[in-house]
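**Student:** What follows is a predicted protein model with its sequence.
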Amino acid sequence: MAKQKLVYRQCIVTKVVVLRSKLIRVVKTKQGQVLVDLNYCLAGKGAYVKREVAIIEKMQKKNY
């Protein structure tokens, strides 16, 4: 059985590097829409945010 590779990403709000599974990917499409990408596969500019309500609210306030 093949070992699954651990993937780390940095949260754009806290700047902490954590496992990708602990983050939500937010994508801005070419049309300017902002979408949540739970499967990590949508095309467009992507950024990662920690899965915590306080962090998501902070991201919304600062318009990241």
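**Tutor:** Yes, it's here. These figures come from a predicted structure and were not determined experimentally.

**Student:** and the closest residue to residue 11 other than its chain neighbours, how many neighbours does it have?
**Tutor:** Closest residue to residue 11 apart from its sequence neighbours, by CB to CB, 6 or more residues apart in numbering: residue 50 at 4.7 Å. Bear in mind the C-beta positions are built from the backbone N, C-alpha and C, glycine included. Per other CB atoms under 10 Å, the neighbour tally for residue 50 reads 19.

**Student:** List the beta-bridge partners for residue 50.
**Tutor:** With DSSP bridges as the criterion, residue 50 is bridged to residue 23.

**Student:** contacting residues for it?
**Tutor:** 11, 13, 14, 16, 18, 22, 23, 24, 56 (CB atoms under 8 Å, 6 or more residues apart in numbering).

**Student:** again, only this time at 10 Å
**Tutor:** Contact partners of residue 50, counting by CB atoms under 10 Å, 6 or more residues apart in numbering, are 11, 12, 13, 14, 16, 18, 22, 23, 24, 56, 58, 59.

**Student:** Among those, find me the one that's closest to residue 42.
**Tutor:** Nearest to residue 42 among the contacts of residue 50, counting by CB to CB, is residue 24 at 12.2 Å.

**Student:** Which other helices and strands does the one helix or strand residue 56 maps to contact?
**Tutor:** Using DSSP states H and E, residue 56 sits in helix 53-62. If contacts are counted by 3 or more CB pairs under 10 Å, 6 or more residues apart in numbering; DSSP states H and E, helix 53-62 sits against strand 23-28, strand 45-50.

**Student:** now the last one against helix 53-62, angle please.
**Tutor:** Our comparison of strand 45-50 with helix 53-62, counting by axes from the mean of the first three to the mean of the last three CA atoms, to 10 degrees, yields an angle of 140 degrees.

**Student:** what mean pLDDT would you report for strand 45-50?
**Tutor:** Strand 45-50 shows a mean pLDDT of 93.
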